[in-house]
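**Student:** my questions concern the predicted model and sequence given below.
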Amino acid sequence: MTVKDFIPTAYKNLIEKGSYIWSSPSNIALVKYWGKKEHQIPENPSISFTLDSCKTTTTLRFSKKENNNEFLFDVFLDGEKKDDFKPKIETFFKRIEAYLPFLKGYYFKIETSNTFPHSSGIASSASGMSALASCLMSLERSLSGVEVTDEYFTQKASFLSRLGSGSACRSLEGDLVVWGKHDEIDGSSDLFGVKYPFEVHQNFKNYNDTILLVDKGEKQVSSTVGHNLMHNHPFAQERFKQAHSNLSSLIDVFKTGDLKSFIKIVESEALTLHAMMMTSMPYFILMKPNTLEIINKIWVFRQKTSSNVCFTLDAGANVHVLYPEAETEMVNEFINNELVAYCQNGHYICDRIGFGAKQL
Ligand code: DP6
């Protein structure tokens, strides 16, 4: 598939108005996307677990408007008008207009809500952009008048999501999604996410992710700024190579169910992501003292027990605690007894691997 394959031929149907509702989850990267080129092309391939309960539900209402000369839309979060969300969506619409030429022909009312609190420090861009892209694809499917296969629908929804926020392109499907060209992964692409195509051991089915909310404040540095700091970063090229080789290693790990190697790769990826932030110019630190306390507690717990619990981090202070389904009871007890104390107001979110966007 190339970019041209996402430019539609003339639509056959006329639709005056209507609405679609989609819900789409967040995802947590195991091999991280950090660094991008023009047009939201990633510098390296990444892979993520799709989440289940952290998700955005979006209702897109649309009605045909008189002229075609501008984007016209309103955004609501939990019923409240959010004009501060508009610039991001306007940018998104500009980036995708060539692929959805109907955008200026409608007025859109975008109503969205998240299952996680807005101020939880959990980014809603992955779930939000993929839910909106899915709604827009439903409209395109109705307008097109020719058969749109589910495969094309998902691929284009992912392609569009990527143009909204890179990591969003990994939220359409589950339970493991790869984004970015990788030599050993057939079908992988810089343009959209694809379902991980190889064998996955039972150990990785229904994997848990408990998200410890260490700092619920606004991010000090946006992902976009962070990605840009990878340009001319002294360690960038080595880092991009490392992501390729970590993804290669994961292929065998997923096949054999080797949890010890999984932990090494995933924790190293998380720390490398933050190491890139600390060694960029300007440099910055997104971890908080409690982030480190939790990491150390996890390491001690692993030493004392046979547990395969491990952590990963996003571009923030919160800690994603990952563990196999078979260890749910043991790790939940550990989290309650030893980790909750480091969460802001004792807040955390229990999530697990999920299967992507759904039309409601
Ligand atoms: C650290 O997808 O939020 O979560 O493309 O600029 O919207 P933009 O960035 P974004 O970056 C996410 C980075 C990350 C790692 C990852 O999810 O792979």
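**Tutor:** That came through fine. Numbers count the residues shown, from 1 in each chain.

**Student:** residues of the stretch 151-300 of the chain that sit close to the ligand?
**Tutor:** Where the stretch 151-300 of the chain comes near the ligand, counting by Cβ under 6 Å from any ligand atom, the residues are Ser165, Gly166, Ser167, Ser223, Thr224, His227, Leu273. For the C-beta atoms, the positions are set from N, CA and C on the backbone; glycine is no exception.

**Student:** where along the stretch 101-250 of the chain do the helices fall?
**Tutor:** All helices of the stretch 101-250 of the chain, identified by DSSP state H, counting those that start in this stretch, fall at 125-144, 150-164, 223-228, 236-256.

**Student:** what's the most buried one of the ones you listed?
**Tutor:** helix 125-144 (a mean of 25; mean count of other Cβ atoms under 10 Å).

**Student:** anything in it near the ligand?
**Tutor:** Yes - Helix 125-144 is in contact with the ligand by Cβ under 6 Å from any ligand atom, via Ser125.

**Student:** nearest to Tyr283, of the helices of the stretch 101-250 of the chain?
**Tutor:** With Cβ to Cβ as the criterion, Tyr283 lies closest to helix 223-228 of the helices of the stretch 101-250 of the chain, at 11.1 Å.

**Student:** what residue of the protein is the furthest out?
**Tutor:** Most distant from the centre of the chain: Glu66, at 35.9 Å, with distances by Cα atoms, centre = their mean.

**Student:** confirm that it sits in a helix.
**Tutor:** No - the assignment for Glu66 by DSSP: H, G, I helix; E, B strand; the rest coil gives coil, which leaves it out of any helix.

**Student:** how close does it get to Lys104?
**Tutor:** In this structure, Glu66 and Lys104 are 11 Å apart, going by Cβ to Cβ, to the nearest Å.

**Student:** report how many residues lie close to Asp186.
**Tutor:** Each residue near Asp186 was counted by other Cβ atoms under 10 Å, and the total is 9.

**Student:** please disregard the earlier target; I meant Pro289.
**Tutor:** Residue neighbour count, defined by other Cβ under 10 Å, stands at 10 for Pro289.

**Student:** show me where the stretch 201-350 of the chain has its strands.
**Tutor:** Along the stretch 201-350 of the chain, the segments classed as strands by DSSP state E, counting those that start in this stretch run 208-212, 310-313, 319-323, 348-352.
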